[in-house]
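> fold the following.
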Amino acid sequence: MEDVSFTVGEGEFVAFIGPNGAGKTSLFNIISGICPATHGALELDGADITTQSVHARARRGLGRTFQTSSLWAGMTVAEHVRLAAQAAAGPAASYRLWRRADRFSAQVAETLERTELAHRADTLASALSHGEKRKLELAVLLVAEPRLILLDEPMAGVSAEEVPALTELIRSVHRDSGRTVLMVEHHMDVLLGLADRLAVMHHGTLLALDTPAAVMADSTVQQAYLGEAL
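Numbers count the residues shown, from 1 in each chain. This is a model prediction of the structure:
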């Protein structure tokens, strides 16, 4: 990663594209705190978060999903979301509240309804389709009410039949709630219908950042990325 600098406005949707190995996930790892920044600075709402932990960034309203699903196979959909709600509630929501379903039941029910998983509330995560697992990951994220959401290849592994519904869910997360979204994705048809701006990564640098139309028409981008196999 080298000399990557950009600003994202509140409520904006920015999609990151680029060949495999371009640095997209590495950038997300730095933003979310998984990997430390060796130079430069990161700001969230005007506050310097460069040295803050993953936990501290989450408390400030930064949420993230990953390329590979990380769910507990033996827990139900509702239990996943309830545990996330408990964690987001902070230290006051101690472990004993885990068994008090009424403490978070309304919050969980609303989140499952928003993510179209209400009918799967009592289903084990292991029994979900891949698209449903992606929805559950979003539900776990959304119940904490993050202001900035990082989605790392949410369509990876999702069947073609499930892509439209997942795309519409992501659209509603951005449009209806006004959340800021950064997303890495290889499905260009999905991105062109979602993103306000496209950021093109190439060899660890930011090659372009502009509207989808401008990026698609950029000859440098076409040579470096669009002409390569996705």
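
> all strands for this structure, in order.
All strands of the chain, identified by DSSP state E, fall at 13-17, 43-44, 47-48, 62-65, 148-152, 180-184, 197-202, 205-210.

> report the strands that pair with the third one, each with its relative direction.
Okay, so that is strand 47-48. Based on DSSP bridges, the strands next to strand 47-48 in the sheet, each with its direction, are strand 43-44 (antiparallel).

> any idea how far the partner strand is from the chain center?
Between the mean C-alpha point of strand 43-44 and the mean C-alpha point of its chain there is a distance of 17 Å (CA atoms, centre = their mean, to the nearest Å).

> also stretch 138-149?
Distance of stretch 138-149 from the chain centroid (CA atoms, centre = their mean) equals 9 Å.

> partner residues bridging the closest residue to residue 22 other than its chain neighbours?
Of all residues beyond its chain neighbours, the one nearest residue 22 is residue 201 (4.0 Å), with distances taken as CB to CB, 6 or more residues apart in numbering. Any C-beta I mention is one placed from the backbone N, CA and C, and that applies to glycine too. With DSSP bridges as the criterion, the beta-bridge partners of residue 201 are residue 206.

> contacting residues around residue 201?
With contact taken as CB atoms under 8 Å, 6 or more residues apart in numbering, residue 201 is in contact with 4, 16, 17, 18, 22, 23, 24, 27, 207.

> point to the residue nearest the middle of this structure.
Averaging the C-alpha coordinates of the chain gives a centre point, and the residue nearest to it by CA atoms, centre = their mean is residue 151 (2.2 Å).

> before we move on, the earlier item: can you tell me which of the strands of the chain comes nearest to residue 139?
Taking CB to CB as the criterion, strand 62-65 is the member of the strands of the chain that comes nearest to residue 139, at 10.6 Å.

> quick revisit: next one, pLDDT for the residue nearest to the centre of the chain please.
The predicted structure scores residue 151 at 97 on the pLDDT scale.

> which stretches of the protein form helices?
24-32, 54-59, 77-88, 105-114, 130-142, 163-175, 188-192, 212-217, 219-221 (DSSP state H).

> closest to residue 38 out of the ones you listed?
Nearest to residue 38, of all the helices of the chain, is helix 24-32, at 9.1 Å by CB to CB.

> now the angle from the closest one to strand 197-202?
Counting by axes from the mean of the first three to the mean of the last three CA atoms, to 10 degrees, helix 24-32 lies at 120 degrees to strand 197-202.

> can you give me the mean pLDDT across helix 24-32?
In this model, helix 24-32 carries a mean pLDDT of 96.

> show me what that helix is in contact with.
Contact partners of helix 24-32, identified using CB under 8 Å, 6+ apart, comprise 1, 4, 16-18, 35-37, 42, 54, 57, 62, 64, 67, 150, 152, 182, 184, 201, 204.

> go again using 7 Å as the cut-off
The set of residues external to helix 24-32 that reach it, using CB atoms under 7 Å, 6 or more residues apart in numbering, is 1, 4, 16, 18, 35, 37, 42, 54, 57, 62, 64, 67, 150, 152, 184, 201.
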